[in-house]
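> Attaching a predicted model along with its sequence, questions to come.
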Amino acid sequence: MATAKKKRVSKADAEVRVRRVRASDMANVIALDAHITKLPKPDYWTDVLRRYGRQRLHERFFLVAEDRTERTNPRLLGFIIGEVRAWEFGSTPCGWVFALSVDPDARLQGSGRALLDAISAEFKKAGVSKMRTMVERNTILQMLFFRGEGMMAGPYLQLEKDLD
Amino acid sequence: MRLQISTQLAIFAVLELSAREGQQLSVADIGAKYGVSSHHLAKVMHVMGRAGLVRSVRGAGGGYQFAGNARRTTLLDVVQLFEDANSAEPDGGAGDATPEGQALRQVLSEIDDIARATLGSITIATMRKLVDRRATDNGRQPKAARGLAAAKNAV
């Protein structure tokens, strides 16, 4: 059992490489997001690249996972975006993950975990010890993933109202 | 939020059994650890057996095995075998038709929705990680192994 688990982890580690986003990744990022959300938004992603892929890189992290086994033109498996935010809602500085997406054909192969591990390491290097995200509570897949990675409900509750 | 004793026992039993893939435990073993009667636990196991979460193994050394997928089975799957985990619906009770009753129902539904989302997003595998982390934090061996070893010695 332990051997099988170890083998699975090392296989994922061997096949997934996580690195910072490049401009040349954006076509694949936009396509993956459009595939999953059914809502293409190239202008939004161009802005995200400008803000999270090029500015304040010591506290903003736009990372992509790619298939390490493909030597030429490796396939984009997913991406994660987050940043260190301070004093929002009265909180001490913490890492916020606000986007995580994995190609449906590449799921259950360790890409999501590799991305979360990588941004966790970046947050730690940036000096924060807490990571947060927000999940729509009916999206079971995302909830199961983040719970499985050890994330629990935090001290904040999201509130909203209709603006008449 | 409080769970009925049967629900708690069901969760404890699933956690014990899922930690020992391919092995079986008797209701006496599990009951001894949690201080409950085998009779009570047997009823709980019967319900879970009908739901396909556990299977009974007959013969010498028989008992129960976990029959589900620990990475797919959630706490909600177990809880709703024993509790009404559905969102609060008007049941024709006093005041349900009044604005006050409807407002109260709205707040209670919010609580139910959050509870369902929480229970439905935590798998047995995730619970096992939480258990192991608690055991590690407590600076001792995993509670499942410790408690059952003591239980076996006592039987």
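Sure thing, it's come through.

> CA atoms for contacts and neighbours, from now on please.
Noted.

> does any bit of the lengthiest helix in chain B sit next to chain A?
In chain B, assigned by DSSP state H, the helix with the most residues is helix B:99-121. Yes: Helix B:99-121 lies within reach of chain A by CA under 8 Å from any CA of the partner chain, at B:114, B:117, B:120-121.

> Residue numbers of chain B in contact with chain A?
So chain B meets chain A at B:114, B:117, B:120-123, B:125-126, B:129-130 (CA under 8 Å from any CA).

> can we see that at 10 Å?
Taking CA under 10 Å from any CA of the partner chain as the measure of proximity, chain B contacts chain A at B:21, B:71-72, B:74, B:113-114, B:116-118, B:120-127, B:129-130, B:133.

> Pull out the buried members of those.
Among the residues of chain B next to chain A, those classed as buried by neighbour count (16 or more other CA atoms under 10 Å in any protein chain shown) are B:74, B:113, B:116-118, B:120-127.

> Make TSV from those residues and add pLDDT to it.
Formatted as TSV, those follow (pLDDT from 0 to 100):
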residue	pLDDT
B:74	97
B:113	91
B:116	92
B:117	92
B:118	93
B:120	94
B:121	95
B:122	96
B:123	97
B:124	97
B:125	96
B:126	96
B:127	96
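
> so where do the helices sit in the chain?
No chain specified, so I'll use chain A. So, for chain A - with DSSP H - the helices run A:2-15, A:26-37, A:42-52, A:111-125, A:140-148.

> nope, chain B
Using DSSP H, helices in chain B cover B:5-18, B:27-34, B:38-50, B:75-79, B:99-121, B:124-137, B:143-154.

> and those, which one is worst for confidence?
Lowest mean pLDDT within the helices of chain B: helix B:143-154, at a mean of 53.

> what's around residue 65, how many residues?
Picking chain A for this. 26 (other CA atoms under 10 Å in any protein chain shown).

> think we crossed wires, I meant chain B
24.
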